[in-house]
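Undergrad: What follows is a predicted protein model with its sequence.
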Amino acid sequence: MVGKDRFGFYDVLISHGTRAWQVKEYMVNPYKFVGLGSKLPSISSHLVDASEYPFGLRSIDLNDMKELTDIIDDPKALSDLASKLLSQKPVSSRDAIEGAAILQGPVMQSTGPLEAISSAHTKLDEKLRRELHRLVRRDFRHTLTPYL
């Protein structure tokens, strides 16, 4: 799950089974992120099993690409196509490059991903935010001031 906190840092929650990790990131520029992370001490299984599709790479053939361009403005058809593509079994990167394009995911978006877990993780979130802000101020101070 990916989201942005109220301070502008990206929160990335990565889960595998009942284990989960939080990564808090800052975008230095469009090609570089810096971040800190921690394993979450506890997380309920209904939150990490939110997706019915396993994460991974899927090869998209030319026909699916053509269908995608035809339905790009239709949210329902787009959702149906995404479900169809995500229902395919994930493949290795070597196998994925055989198609016209590669789909990576699923990735879930949330405006407050930590709020969905529990209030107990608030302390960890604050600590990661403070440490990341300290790192950014120390090493990437130039990115904090706007250009005139």
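TA: That came in fine, so what should we check first? Residues are numbered from 1 along each chain as shown.
Undergrad: so where is this structure shaky, pLDDT-wise?
TA: Applying pLDDT under 70 to the chain picks out residues 1, 17, 42-51, 107-120, 147-148.
Undergrad: how about the helices of it, start to end?
TA: For the chain, the helices defined by DSSP state H cover 45-48, 62-71, 75-86, 93-96, 122-139.
Undergrad: Which of these sits closest to I14?
TA: helix 45-48 (9.5 Å; C-beta to C-beta). In this view, the C-beta of every residue, glycine as well, is placed from N, C-alpha and C.
Undergrad: burial measure for F33, as a count.
TA: F33 sits with 13 neighbouring residues when counted by other C-beta atoms under 10 Å.
Undergrad: Go ahead and confirm it touches E25.
TA: Yes. In this structure F33 lies within contact range of E25 using C-beta atoms under 8 Å: 4.6 Å.
Undergrad: other SSEs contacting the biggest strand by length in the chain?
TA: Longest strand in the chain, counting residues (DSSP state E): strand 19-29. Applying 3 or more C-beta pairs under 8 Å, 6 or more residues apart in numbering; DSSP states H and E, one finds that strand 19-29 contacts strand 10-16, strand 32-39, helix 122-139.
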